[in-house]
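> Make a model of this:
(chains A, B and C)
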Amino acid sequence: MDLKEIAKIIGCEFSRDSFEVNRLNTLKDAKHDEISFVASSKYVKDIQSSKAGAIIVDKSTKEYVPNGSIALVVDNPYWAMATISKYFAPPIEDNTLVEAQMGEGSVVSLKAEIAKGATIGKNCTIMAHVYIGTNAVVGDNTVLYPSVTVYRDCKIGNNCIIHANTTIGSDGFGFATNKLGEHRKIYQNGNVEIEDNVEIGSSTTIDRAAFGTTLIKHGVRIDNLVQVGHNCVIGEHSVLVAQAGISGSTTMGRNVVMGGQSATAGHLSIAPFTTMAARSGVTKSITQSGLTFAGFPLMEHKIWLKLQAKIARLIK
Amino acid sequence: MDLKEIAKIIGCEFSRDSFEVNRLNTLKDAKHDEISFVASSKYVKDIQSSKAGAIIVDKSTKEYVPNGSIALVVDNPYWAMATISKYFAPPIEDNTLVEAQMGEGSVVSLKAEIAKGATIGKNCTIMAHVYIGTNAVVGDNTVLYPSVTVYRDCKIGNNCIIHANTTIGSDGFGFATNKLGEHRKIYQNGNVEIEDNVEIGSSTTIDRAAFGTTLIKHGVRIDNLVQVGHNCVIGEHSVLVAQAGISGSTTMGRNVVMGGQSATAGHLSIAPFTTMAARSGVTKSITQSGLTFAGFPLMEHKIWLKLQAKIARLIK
Amino acid sequence: MDLKEIAKIIGCEFSRDSFEVNRLNTLKDAKHDEISFVASSKYVKDIQSSKAGAIIVDKSTKEYVPNGSIALVVDNPYWAMATISKYFAPPIEDNTLVEAQMGEGSVVSLKAEIAKGATIGKNCTIMAHVYIGTNAVVGDNTVLYPSVTVYRDCKIGNNCIIHANTTIGSDGFGFATNKLGEHRKIYQNGNVEIEDNVEIGSSTTIDRAAFGTTLIKHGVRIDNLVQVGHNCVIGEHSVLVAQAGISGSTTMGRNVVMGGQSATAGHLSIAPFTTMAARSGVTKSITQSGLTFAGFPLMEHKIWLKLQAKIARLIK
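Numbers count the residues shown, from 1 in each chain, chains lettered A, B, ... in the order given. As a prediction, the model looks like this:
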């Protein structure tokens, strides 16, 4: 898409040499042929080091745009980004691609739907009412139970089991809001990748990334009715118990345990071997490995036990 | 259905002139050709002003039935209403209707099921394993991802996106209970209406109304795994984050935000521009606009922060 | 499967007379032709009275194995059990069985999938995109809404209603973990049984038992997005409100009410006629019938109200 056209769509002046923009991306990951945006002034550092060919900014952040990058100045950069995200969204299905490829020994129900461009490995079981989207990849020996939906471009590894009615790669909950309180969708143009030996329960939802990848590393165990937000990384052998909710862009080390109905805020980092008891609510990053937490607000489990004793006395 | 027959089914004496009853409805909304019921004595005011042709009451509320309405006296009016609700339920599917109508430019998967009497607008994408029920209506430019289920009589507006495995219009959680502790289903004969420009995540459930309509107003954003109970009204541009739960008959103004895993009790009214932090539990109506709340029981967010500080001191 | 072969797979010495092992089972339920295991030393009493033909133990529990049972000694019995559970798992579908049987008057969508060996009673409605697995049984007059998935060997009674996108009988969340933090699946070789007159909402998940049966007794009402773990027993006429979560092996008496977003830990026993308010968190068994509880940690509802009053004073 031509940069000049983008400038026109988001309503900003443009008198520089244009170029073909190949993608919308984050400040950190954007390349010379890509466009990025500044959602808030706290990203100033990322602006200065960005390799993006053009950056959507407001007046207050314009000055940080490095030489070699073109500044597109608007009132609400996040809204402008949402506006153009639509133009970088691939079609939901792409029928110009080749028929899906199936590996030897795989059994695919006649009542499953496999979109063009998809690839399924060897010895898989793909049951009735499964949907596998355009360009999605499924490894070897993987079982998808009925009504599992895998959106386009997502990848599932070898030896995985995904239970009924679970959704892999639906859109992350991303939108910009204007002064009138109206919302505009940020098209979620990333994907989900699930590594090997992962088992996921039924009616669980794992959102695709806005940019890049939501990543479930090898050996993870996810129970039923769990929510994993866009751009999360779930570390190797981590365990997410039923009805847990992980907000967007939170990253976990290996062997983290999230108890039933526990939750994290977004953009956190959780140290390896952390255990969160059931109903824990995590609002800050956890840097020390191997501890056990409970409560909301979160505290070490042993302190939580003391607090409960004090509350018990308070009642009497 | 003949009123005399209804009286016989619920086991009450009947010696008045009968009439053809066309619907079961609430005291407020019932018309002369409809029957209503009194679930509890707190509805006395509604009895007196009801236009219903007949009202199911017990001995204690009988005296409030207005002239022009016939009182059907039983021991447990709620149970009697549940009993007759079944007779007013339409069939799950109605094959006597005409084939579903599709607007120009719409793409409907051969593996979707569209019931007779349904109407789909222009330029829609209806993916594999979607179900659209009898007499349901879908507007223009709307996308239904795989395994979305839309029950009969529900309406979805223009420019909506509904993600995989979400259910629109399943029965509200309504039943009467007798003295033996047994439950009897109250057939949910209302519907769900979703206005324009609404996006709903995956594995979310929006229940149809018992009577009337569960209403999702335009511009609303609903995340994954959210529960919206029967007869709720979600105001324009409101945002319901993942795993939030809204109990039946709660009404929200515009731009209400419910954080992740937050919840409301039923029959509440939430003022416009109210924000509830994650895990908030709302048990009373909120009348003042524009405030931010947290905690369970609910308190203003700034007070909740102070409480946390006090609890932190208590621990030491 | 030959016992000698099992011993070889789990890497333990074996010099006794072998026998054909027909099933993997719990210490309490295993018979002479079955094998069991000791997951922890707290099961010593069950070891001594077990009728199992062979028991997988570690050095510390070996001495309790009764005469007539063969001890298989390994370092990590739970891991060894997980290893062999795979060999006792039936195939996901079994195409050697006879075509599914349908009772008179049942209507089955052409877009539903009924596996071989399944049995459907009279006057049922089986809608589009439903999956009913191998050997599953559905009673008379039962309605399965679109995209309901019933895994193999599960049983659903008469006069039941199950709403869209609900999963019956997906695998319980069972795995063993080794010293490296890796998990190994415990194949869930039990089933789910749902008795008569049960209604279940949409996107609810009921897990199959590891051994034996997850049981939903007659007259139960389950709302949307509820999690019922493996080996639970839900008593007659109990009510589970939306987003409640019941952890594995918890048993409830009749007419228990679990409010919205409430939860129980696993392996508890809840007395009949117990009511848990919304958001309750139950961590200990409840032995006295008829009480109402709230809070997390759980307390009697009247005490919880007092506590809230004290906290309110604390804020001031």
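
> going forward, measure contacts between C-alpha atoms and count neighbours the same way
Will do.

> who does whatever helix or strand residue A:193 lives in pair up with?
Assigned by DSSP states H and E, residue A:193 belongs to strand A:191-194. Here strand A:191-194 has these sheet partners by DSSP bridges: strand A:155-156 (parallel), strand A:213-216 (parallel).

> Next secondary structure after that strand?
Taking DSSP H and E, what comes next after strand A:191-194 is strand A:199-200.

> Remind me what that following strand packs against, helices and strands.
When contacts are defined as 3 or more Cα pairs under 8 Å, 6 or more residues apart in numbering or on different chains; DSSP states H and E, strand A:199-200 sits against strand A:161-162, strand A:221-222.

> cutoff 6 Å now
Secondary-structure packing of strand A:199-200 (3 or more Cα pairs under 6 Å, 6 or more residues apart in numbering or on different chains; DSSP states H and E): strand A:161-162.

> what number of residues lie near the nearest residue to residue A:105 once chain neighbours are set aside?
Spatial nearest neighbour of residue A:105, excluding adjacent residues (Cα to Cα, 6 or more residues apart in numbering or on different chains): residue A:123 at 4.4 Å. By the criterion of other Cα atoms under 10 Å in any protein chain shown, residue A:123 has 19 neighbours.

> ok, now residue A:285?
Residue A:285 has 17 nearby residues by other Cα under 10 Å.

> Tell me who's in contact with residue A:255.
When contacts are counted by Cα atoms under 6 Å, 6 or more residues apart in numbering or on different chains, residue A:255 touches A:237, A:238, A:272, A:273.

> Please report how far residue A:19 lies from residue A:85.
Distance, residue A:19 to residue A:85, by Cα to Cα, to the nearest Å: 17 Å.

> between the two, who's got more neighbours?
Taking other Cα under 10 Å, residue A:19 and residue A:85 do not tie; residue A:85 has more neighbours (19 against 16).

> Which parts of the stretch 51-200 of chain A are helices?
Secondary structure of the stretch 51-200 of chain A by DSSP state H, counting those that start in this stretch: the helices cover A:77-85.

> where does chain A come near chain C, residue by residue?
Contact residues (Cα under 6 Å from any Cα of the partner chain) of chain A with chain C: A:237, A:315.

> repeat that with 7 Å
A:128-129, A:146-147, A:163-165, A:202-203, A:219, A:223-224, A:237, A:255, A:315 (Cα under 7 Å from any Cα of the partner chain).

> Filter these down to the buried ones, ChimeraX style.
To isolate the buried ones among these in ChimeraX, judged by 16 or more other Cα atoms under 10 Å in any protein chain shown, type:
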select /A:128,129,146,147,163,164,165,202,203,219,223,224,237,255
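
> Which pair of the residues of chain A next to chain C spans the longest distance?
Farthest pair in the residues of chain A next to chain C (Cα to Cα) is A:128 and A:315. Separation: 54.7 Å.

> Now the residue in the stretch 201-316 of chain A positioned nearest to chain B. Nearest residue, chain neighbours left out?
Residue nearest to chain B within the stretch 201-316 of chain A: residue A:307 (5.8 Å; Cα to the nearest Cα). Of all residues not flanking residue A:307 in the chain, residue B:315 sits nearest, at 5.8 Å (Cα to Cα, 6+ apart).

> list the contacts for residue A:121?
When contacts are counted by Cα atoms under 7 Å, 6 or more residues apart in numbering or on different chains, residue A:121 is found next to A:102, A:103, A:138, A:139, A:140.

> now the residue nearest the centre of chain A: how far from residue B:166?
Among the residues of chain A, the one closest to the centroid is residue A:230, at 2.1 Å (Cα atoms, centre = their mean). Remark: distance between residue A:230 and residue B:166 (Cα to Cα) = 18 Å.

> swap in residue A:38?
For residue A:38 relative to residue B:166 (Cα to Cα), the value is 33 Å.

> Output the set of residues of the stretch 101-250 of chain A in proximity to chain B.
Going by Cα under 7 Å from any Cα, the residues of the stretch 101-250 of chain A near chain B are A:113, A:129, A:131, A:147, A:149, A:165, A:167, A:170, A:173, A:181-183, A:203, A:205.

> So which of the residues you listed wins on neighbours?
residue A:165 (37 neighbours).

> Give me the buried subset of the contacts of residue A:255.
Judged by 16+ other Cα under 10 Å, buried ones among the contacts of residue A:255: A:237, A:238, A:272, A:273.

> is it possible to export these to CSV including pLDDT and secondary structure?
As requested, these are exported to CSV (pLDDT from 0 to 100; DSSP: H, G, I helix; E, B strand; the rest coil):
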residue, pLDDT, secondary structure
A:237, 98, coil
A:238, 98, coil
A:272, 98, coil
A:273, 98, coil
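
> in which helix or strand would I find the closest residue to residue A:235 other than its chain neighbours?
Among residues not flanking residue A:235 along the chain, residue A:254 sits closest, at 4.1 Å (Cα to Cα, 6+ apart). According to DSSP H and E, residue A:254 maps onto no helix or strand at all.

> ok, residue A:254 - contacts?
With contact taken as Cα under 7 Å, 6+ apart, residue A:254 is in contact with A:235, A:236, A:237, A:238, A:272, A:273.

> Likewise for residue A:164?
By Cα under 7 Å, 6+ apart, residue A:164 lies in contact with A:145, A:146, A:147, A:148, A:202, A:203, C:149, C:167.

> rerun at 10 Å
A:127, A:129-130, A:144-149, A:200-204, A:224, B:165, C:131, C:147-151, C:165-171, C:205 (Cα atoms under 10 Å, 6 or more residues apart in numbering or on different chains).

> Likewise for residue A:274?
A:238, A:252-258, A:286-293.

> Now it. Its backbone dihedrals?
Backbone geometry at residue A:274, expressed as degrees, to the nearest 10, gives phi -80, psi 140.

> What is the burial count for the closest residue in space to residue A:60 that isn't next to it in sequence?
Excluding the flanking residues, the one nearest residue A:60 by Cα to Cα, 6+ apart is residue A:41, at 7.9 Å. Using other Cα under 10 Å, residue A:41 has 13 neighbouring residues.

> And the pLDDT for residue A:41?
pLDDT, the model's per-residue confidence, is 82 for residue A:41.

> My understanding was that it contacts residue A:48; is that so?
No. At 11.8 Å, residue A:41 does not count as touching residue A:48 under the criterion of Cα atoms under 10 Å.

> thinking again about what came up before, more crowded one of residue A:38 and residue B:166?
Just comparing residue A:38 and residue B:166: by other Cα under 10 Å the higher neighbour count belongs to residue B:166, 31 against 23.

> residue contacts, the more buried one?
Contacts of residue B:166 (Cα under 10 Å, 6+ apart): A:165, A:167, A:203, B:130, B:144-150, B:200-206, B:224-226, C:164-165, C:202-203.

> Let's see which of the residues you listed end up in strands.
Among the contacts of residue B:166, the members falling in strands are A:167, B:144, B:149, B:150, B:200, B:205, B:206 (criterion: DSSP state E).

> residues contacting the fourth one?
Listed by Cα under 10 Å, 6+ apart, the contact partners of residue B:150 are B:114, B:130-134, B:136-138, B:144, B:156, B:166-170, B:192, B:206, C:146, C:164.

> got a list of what the closest residue to chain C within the stretch 1-150 of chain A touches?
Of all residues in the stretch 1-150 of chain A, residue A:129 sits closest to chain C, at 6.1 Å by Cα to the nearest Cα. Residues in contact with residue A:129 (Cα under 10 Å, 6+ apart) are A:109-113, A:144-149, A:164-165, B:111-112, B:128-130, B:146-147, C:111-113, C:128-131, C:147, C:149.
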